[in-house]
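Chemist: Need a 3D model of the following:
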Amino acid sequence: MDIFSAIANSENFDFFKKNVKNISHSILLIGKDEQYSNLFAQLLSCLILDGKIDESSLNYQKVMLQAHPDVKYYPQKEKLLVADSQEIVAESCVKPVFASRKIFIIKNIDNSMESAQNKLLKTLEEPSTDVFLILTCQNLNLVLPTIKSRCQKVEIAKLSNQQVKEYIGTCDNTDLILAVCDGQLGKALKLSKKRELSDVASLAVDIFSKMTKSSQVLEYSKKIQSFEKDYKLLLEIMCIVIEDILKIKAGNFKDLKLTYFSKELKEASVNYTVKALCKIVEILNKFQKEIFYNVNNLLAMENLLLNILEVKFICK
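Modeler: Below is the predicted model of the structure:
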């Protein structure tokens with residue numbers, strides 16, 4: 001079963017199907033799974049256009065191909081700009097050309113400029129009767145309160161491990177995928193195609209179990225460099241490593257996520273205090289933001305490794 005089937009059969013989507021005649025003209029979908037949220041918005045637009053999900057419908061077929069003249073996707077680049085919002089406002093006054101309704105799907109509104117969000121306020125509050133706006137976001141705290149107050153907010157529920165398994169099938173790294181995806185199907189599907197996943201996980205575990213002195217930082221930074229496109233994934237798994245080590249220190253061996261590495265995690269747990277692990281979590285959270293903006297990611301990662309060692313020894 002594909003991801004659209006998963007969405008169509010979800011509780012969140014069922015809510016819209018049951019209330020199809022009263023769907024809000026301004027909807028904010030909240031979920032950490034960017035791909036899932038975007039595809040949810042796409043399928044929701046089919047429901048809004050036809051009042052049902054009908055695969056034989058021309059509306060459905062055109063939307064699925066992202067070729068529907070009345071379903072517009074924004075932003076044009078990485079984040080929504082004022083120019084995008086101005087275009088949305090202008091386009092919202094133009095009648096639909098193919099269907100009876102016009103839909104604007106605005107991805108990652110939480111990643112947009114504040115001025116761009118402000119420009120949408122009047123359209124969100126008083127959209128034309130034939131205009132619908134579907135916004136997606138991962139971090140609700142980064143969305144302006146005025147935007148949130150004008151939209152029907154829908155939190156997209158995570159899937160259970162069993163549900164994710166049904167869609168990704170069985171593969172060599174199934175348990176690892178489930179640990180990292182955290183109920184996010186879109187992410188799980190991407191990870192199922194990533195051959196380097198187990199190697200990235202091994203590196204994340206090694207950093208805590210085998211890196212014991214500063215002279216090893218260069219060695220590990222070179223290893224990290226070989227996964228240049230997976231820095232964010234590495235940081236995510238490092239956070240899971242800490243989570244598991246904390247569980248081990250608390251005597252909880254049943255709920256480990258990285259069960260394949262349980263031996264290494266037990267060995268690592270001896271060398272870190274709870275205080276050190278909590279401080280390292282703070283450092284990782286900071287670096288996750290820094291990696292997003294930092295041009296020299298490798299230097300940032302070297303600093304991260306040094307910081308981990310420093311906290312480890314200070315908090316003995």
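Chemist: average pLDDT across stretch 159-168?
Modeler: Averaged over stretch 159-168, pLDDT sits at 86.
Chemist: what's the spacing between that stretch and its chain's center?
Modeler: The chain centroid and the centroid of stretch 159-168 are separated by 17 Å under CA atoms, centre = their mean, to the nearest Å.
Chemist: Kindly report the same for stretch 181-197.
Modeler: Per CA atoms, centre = their mean, the centroid offset for stretch 181-197 relative to its chain is 11 Å.
Chemist: Just the terminal-to-terminal distance for that stretch.
Modeler: 12 Å (CA to CA, to the nearest Å).
Chemist: Next: stretch 177-189.
Modeler: Criterion CA to CA; first-to-last residue distance in stretch 177-189 is 9 Å.
Chemist: Show residues contacting it.
Modeler: Applying CB atoms under 8 Å, 6 or more residues apart in numbering, the contact partners of stretch 177-189 are 3, 6, 31-37, 39, 158-161, 163-165, 167-168, 171, 191-192, 197, 201, 233, 236-237, 240, 257-258. C-beta here means a position set from N, CA and C on the backbone, and glycine is covered the same way.
Chemist: Point out where the protein drops to low pLDDT.
Modeler: For the chain, the stretches flagged by pLDDT under 70 are 1, 289-295.
Chemist: Walk me through the domains of it.
Modeler: Using automatic domain parsing, the domain parsing of the chain gives 3-157, 194-314.
Chemist: Could you dump the ones you listed into CSV with distance to residue 183 and mean neighbour count added?
Modeler: CSV is the format used below for those (distance: least, CB to CB, whole Å; neighbours: other CB atoms under 10 Å):
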stretch, distance to residue 183, mean neighbour count
domain 3-157, 8, 18
domain 194-314, 12, 16
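Chemist: that older thread, take the contacts of stretch 177-189 and keep only those in helices.
Modeler: Among those, DSSP state H puts 3, 6, 34-37, 39, 161, 163-165, 167-168, 191-192, 197, 201, 233, 236-237, 240 in helices.
Chemist: re the thing from before, could I get the domains of the chain as JSON lines with distance to residue 177?
Modeler: Conversion of the domains of the chain to JSON lines gives the following (distance: least, CB to CB, whole Å):
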{"stretch": "domain 3-157", "distance to residue 177": "13"}
{"stretch": "domain 194-314", "distance to residue 177": "7"}
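Chemist: quick one, phi/psi of residue 29?
Modeler: Note on residue 29: backbone dihedrals following degrees, to the nearest 10 are phi -90, psi 120.
Chemist: let me redo that: residue 131
Modeler: The phi/psi pair for residue 131 (degrees, to the nearest 10) is phi -110, psi 130.
Chemist: My read is that it contacts residue 25, right?
Modeler: Yes. Contact between residue 131 and residue 25 holds when scored by CB atoms under 8 Å: they sit 6.5 Å apart.
Chemist: all strands of this structure, in order?
Modeler: Remark: strands assigned in the chain by DSSP state E are 26-30, 71-74, 102-106, 131-137, 152-155.
Chemist: Dump these into TSV; add distance to residue 65 as well.
Modeler: Shown next, in TSV, are those (distance: least, CB to CB, whole Å):
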stretch	distance to residue 65
strand 26-30	21
strand 71-74	10
strand 102-106	14
strand 131-137	18
strand 152-155	25
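Chemist: between those strands, which gets nearest to residue 226?
Modeler: Residue 226 lies closest to strand 131-137 among the strands of the chain, at 32.9 Å (CB to CB).
Chemist: wait, isn't residue 240 in contact with residue 258?
Modeler: Yes. Counting by CB under 8 Å, residue 258 is a contact partner of residue 240 at 6.1 Å.
Chemist: coming back round to it: residue 286 is nearest to which of the strands of the chain?
Modeler: Using CB to CB, the nearest of those to residue 286 is strand 131-137, at 21.7 Å.
Chemist: what's the angle from the closest one to strand 102-106?
Modeler: For strand 131-137 against strand 102-106, the angle by axes from the mean of the first three to the mean of the last three CA atoms, to 10 degrees is 10 degrees.
Chemist: tell me what strand 131-137 is packed against?
Modeler: Where contact means 3 or more CB pairs under 8 Å, 6 or more residues apart in numbering; DSSP states H and E, strand 131-137 is packed against strand 26-30, helix 34-50, strand 102-106, helix 121-125.
Chemist: what helices or strands is the longest one leaning on?
Modeler: With contacts defined as 3+ CB pairs under 8 Å, 6+ apart, the packing partners of helix 34-50 are helix 3-8, helix 11-18, strand 26-30, helix 58-64, strand 71-74, strand 102-106, strand 131-137, helix 185-192.
Chemist: likewise the third one?
Modeler: Judged by 3+ CB pairs under 8 Å, 6+ apart, the packing partners of strand 102-106 are helix 34-50, strand 71-74, helix 82-91, strand 131-137.
Chemist: Within the sheet, what are the partner strands of it, with directions?
Modeler: As defined by DSSP bridges, the strand partners of strand 102-106 come to strand 71-74 (parallel), strand 131-137 (parallel).
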